[in-house]
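A.B. asks: I'd like to go over a predicted model; first the sequence, then the structure.
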Amino acid sequence: MRKTPVGRLERILARRIREVAAEKAVPVSHLADRAGVSRSLLWEIFSLTASVSLETVQKLATALELDDPLVLLQGDPAPARRRRAK
């Protein structure tokens, strides 16, 4: 169940977490443990169904060893997925 409409920031956050984790060779499976958040929350972030607090963004940035958590909120959003016409 989607709690809020998916916006630009949610798409940017999900994409940037994956990108930074890959750049720093941090497996996403370990990121939740490092950040002190649940794996289900990460799944919700990636599936664009979570409403993420600033505290969670800070925890993820710290786990990814970023000096500035805004790095996770900057950039162009990933394109929205289009549904195939039947």
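C.D. replies: In hand now; what should we look at?

A.B. asks: residue contacts, the closest residue to Arg39 other than its chain neighbours?
C.D. replies: Distances taken as Cβ to Cβ, 6 or more residues apart in numbering put Ala32 closest to Arg39, at 4.4 Å, once the chain neighbours are dropped. C-beta coordinates here come from the backbone N, C-alpha and C atoms, glycine included. Ala32 makes contact with 38-39, 41-42, according to Cβ atoms under 8 Å, 6 or more residues apart in numbering.

A.B. asks: export stretch 17-29 as CSV, just CAs?
C.D. replies: These are the backbone C-alpha positions of stretch 17-29, laid out as CSV (Å, rounded to 0.1, in the frame of the first residue of the first chain):
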residue,chain,number,x,y,z
ILE,A,17,21.5,5.2,-2.4
ARG,A,18,22.1,2.4,-5.0
GLU,A,19,24.7,4.5,-6.9
VAL,A,20,26.7,5.5,-3.8
ALA,A,21,26.5,2.0,-2.3
ALA,A,22,27.9,0.6,-5.6
GLU,A,23,30.7,3.3,-5.8
LYS,A,24,31.8,2.5,-2.2
ALA,A,25,31.4,-1.3,-2.7
VAL,A,26,28.8,-1.5,0.1
PRO,A,27,26.4,-4.3,-0.6
VAL,A,28,22.8,-3.1,-0.2
SER,A,29,22.2,-6.2,2.0
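
A.B. asks: any idea which residue is closest to the centre of this protein?
C.D. replies: Closest to where the C-alpha atoms of the chain average out (Cα atoms, centre = their mean) is Ala14, at 3.0 Å.

A.B. asks: just the mean pLDDT for whichever strand or helix holds that one, thanks.
C.D. replies: Following DSSP states H and E, the helix or strand that holds Ala14 is helix 8-23. Averaged over helix 8-23, pLDDT sits at 92.

A.B. asks: compute the inter-axis angle for whichever helix or strand comes after it and helix 8-23.
C.D. replies: Downstream of helix 8-23, the first helix or strand assigned by DSSP H and E is helix 28-35. For helix 28-35 against helix 8-23, the angle between stretch directions is 100 degrees (axes from the mean of the first three to the mean of the last three Cα atoms, to 10 degrees).
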